[in-house]
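Asker: here's my sequence, what's the structure:
(one chain, ligands or ions: 2)
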Amino acid sequence: MEPGSRGAAPGGVSVSAVLPAGGSGERLGGATPKQFCVVQGRPLVSYAVRAMERISWISDIIVVVSPENIETMKTIIEKYGHKRVTVVEGGITRHRSIFNGLKVFAENEFSSHLLQKPEVVIIHDAVRPFVEEDIVSKVVMAAKEHGAAGAIRPLVSTVIASATDGCLDHSLERARYRASEMPQAFLFDIIYEAYQQCTDYDLDYGTECLHLALKYCKTNAKLIEGTADLWKVTYKRDLYAAESIIKDNLSQQVCVITSEKETLAQVGFLLPESLKSQIKVEAISISPSKNDSRLQNIISGQCYNFVCVNDKRCAIQETQEIVDVLEKSNIALLCPVVLISVHLDISENNSFSIGVDDLSTMKKFARETKKKNILVYGLLIQYKDPLLLQETVNSAAALIMALIKDRNPELIGQLLVA
Ligand SMILES: Nc1ccn([C@@H]2O[C@H](COP(=O)(O)OP(=O)(O)OP(=O)(O)O)[C@@H](O)[C@H]2O)c(=O)n1
Ligand SMILES: O=P(O)(O)OC[C@@H](O)[C@@H](O)[C@@H](O)CO
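Answerer: Numbering: from 1, shown residues only. Ligands and ions are numbered 1, 2, ... in the order given. Prediction:
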C-alpha cells in the first residue's frame, strides 16, 4: 500500500513508531554514522523508514537523530519522498533518544506540533533495515494484550560470565536464553511512564526497553520469535551483509523486451529461456511506449531489471524510450534500476560494427541516465554460425545475470560481448 493511505491497525489500535537514529556508529568506524551510510544509493536509515511507511496502519514515524544531523535527515525525507515522518532531536544515549521520541506524543516542547498519542508505540532501531509487516503486526498485537512485546532470536554464541581474574566464572545454558532484537512495541502509557521513572543510570547505561517496562511498570513483555533478518547493523561486516541482501532482493526478476521483428524473434525467445533457470523472467514483445500496460504492470510489480534487445547498431532511441517509461514510473526513486541494452549482430560477415562514436555516445547516455538512478549497460550478441546461437545466448544470459547481481555503477555505459 502506498504511504499516506491508512489501513486498519491490528486489533483496531492506533499505532505509531519511534526509530532511534541518533548514534555515532563507533563500532562500525568511519566518519559517517552508520544510519547515514549509503547502501545501493540510499542511506541505511531510509530503508527502515520505508519499511515502516509500507505499513499503512502506522500513523506517525518519529526518527530521532542527533542535533547535527537534523537537516541531513530532513533532506533524506525530502529526497526519497518519505511520508508521515517527524524528525526529533536525540540524546547522548539510545535510551535518551527513544525517550525524546516518545515525548513528541506527550509534550509539545519537542515538536512544532503535538502528535496524536498512539495506544501502541513501536520502537525499532533505524539500523535494522529488514523488518516486515508480519513481525511488526505480531509484536503490536502482543503489546496490546500484554503491555509490552519484543522480537527475539536464538543466541548464536553461548553467554559466559568472567571472574575478576579474567577467567571463566560460569556460562549460561544457551537454550534457555534468547537475543533481544527489534521491533518492540508497548502500550504508550506503560513505556512513557517507565522512561519518566528512569534513573540517569538507566538512561545512560541501559540497552533494553523491555527491562524498563518490567522494572518500573511490572510489565512482563511478551516475547515473539523473530525472523533471521531482524539483525542490527553494528560492524562494517553488517553493512556489507545489508548491501548484499538488498542487491539480492533487487535481483529477483527481469523483464526482457524485444520488438516483433523477425530478426529478433529467435533471440527474443532463447534469451528469456536461458535466463529462466536463474531469475524470474517477464518477456514482452513491444516497442516500449509510455503507456504500454504490460510494461507498466511489470514495473508496478517492483521489477528492477530490464533487458532491451535491439538489432540496431546503437539503439539509444529504444533504450531512451524505456528510460522515459521508467523515469515516469518513479521506480528508480528508492532503488537503482538495471537496464541492459542488447545489440544483435547476426550478419553473415559480422559487418555490424560499433564505432568509437557509438561507444562514446553510449557512455554519455549512460552517465546522463545514472543521474536518474538507472544503470545502463551494453551487451553485444554476435555470431555467424547458427549452430553457435544457443551457446552465445547462454553466454549473454550469464553476463546479464552478472550485471543484475553486481549492479556496479562503475560499469555503466560499457559494452560487454557475449
Ligand atoms: N545516542 C544514541 C545512540 C544510539 N541511537 C540509535 O540506537 C540504535 C541502536 O544503537 P547502536 O547500534 O548502538 O548504534 P550506535 O550507538 O550508533 O553504535 P555504536 O555503539 O557502535 O556507536 C541505532 O539506530 C542508533 O542510531 C540513538 O538513537 N541515540
Ligand atoms: O546495545 P546497542 O546500543 O548496540 O543496541 C541496542 C540493542 O541492545 C537493542 O537494540 C536490542 O538489544 C533490543 O533492546
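Asker: pLDDT score for the residue in the stretch 301-418 of the chain positioned nearest to ligand 1?
Answerer: Nearest residue of the stretch 301-418 of the chain to ligand 1: Leu334, at 19.7 Å (C-beta to the nearest ligand atom). (Each C-beta comes from the backbone N, C-alpha and C, glycine too.) Note for Leu334: predicted pLDDT of 94.
Asker: for it, helix, strand, or coil?
Answerer: Secondary structure, DSSP: H, G, I helix; E, B strand; the rest coil: Leu334 is coil.
Asker: ok, it touching Tyr80?
Answerer: Yes - judged on C-beta atoms under 8 Å, Leu334 makes contact with Tyr80 at a distance of 6.0 Å.
Asker: joint contacts of those two?
Answerer: Shared contacts of Leu334 and Tyr80, defined by C-beta atoms under 8 Å, 6 or more residues apart in numbering, comprise 42, 46, 50.
Asker: filter those down to just the ones in strands.
Answerer: Arg42 (DSSP state E).
Asker: follow-up on the earlier one: and the residue of the stretch 301-418 of the chain closest to ligand 1, what does it touch?
Answerer: 42, 46, 50, 80.
Asker: switch to 7 Å and redo it
Answerer: 42, 50, 80 (C-beta atoms under 7 Å, 6 or more residues apart in numbering).
Asker: and of the residues you listed, the nearest to ligand 2?
Answerer: Using C-beta to the nearest ligand atom, those come closest to ligand 2 at Arg50, 19.4 Å.
Asker: how close does that closest one sit to Val64?
Answerer: 17 Å (C-beta to C-beta, to the nearest Å).
Asker: show me which of those two is the more surrounded one.
Answerer: Under the criterion of other C-beta atoms under 10 Å, the comparison of Arg50 against Val64 puts Val64 first, with 28 against 18.
Asker: CA-only coordinates of the helix or strand where that one lies in CSV, if you can.
Answerer: Using DSSP states H and E, Val64 falls within strand 58-65. Output of strand 58-65 as CSV, limited to C-alpha atoms (Å, rounded to 0.1, in the frame of the first residue of the first chain):
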residue,chain,number,x,y,z
ILE,A,58,1.3,3.1,11.3
SER,A,59,0.1,6.7,11.8
ASP,A,60,3.4,8.6,12.6
ILE,A,61,7.0,7.7,12.2
ILE,A,62,9.3,9.5,14.5
VAL,A,63,13.0,9.5,13.5
VAL,A,64,15.3,10.6,16.4
VAL,A,65,18.6,12.0,15.2
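Asker: what's the average pLDDT for it?
Answerer: Rounded mean pLDDT across strand 58-65 is 98.
Asker: neighbouring strands for that strand, and are they parallel or not?
Answerer: strand 15-20 (parallel), strand 85-89 (parallel) (DSSP bridges).
Asker: what's the first helix or strand after it?
Answerer: Per DSSP H and E, the first helix or strand lying C-terminal to strand 58-65 is helix 70-79.
Asker: check whether that following helix contacts ligand 1.
Answerer: No - if you take C-beta under 6 Å from any ligand atom as the test, helix 70-79 misses ligand 1, and the best it gets is 11.1 Å.
Asker: packing partners of the top helix by length along the chain?
Answerer: Scanning the chain for the longest helix, with DSSP state H as the assignment, gives helix 389-406. Under the contact definition 3 or more C-beta pairs under 7 Å, 6 or more residues apart in numbering; DSSP states H and E, helix 389-406 sits against helix 262-275, strand 337-345, strand 374-382.
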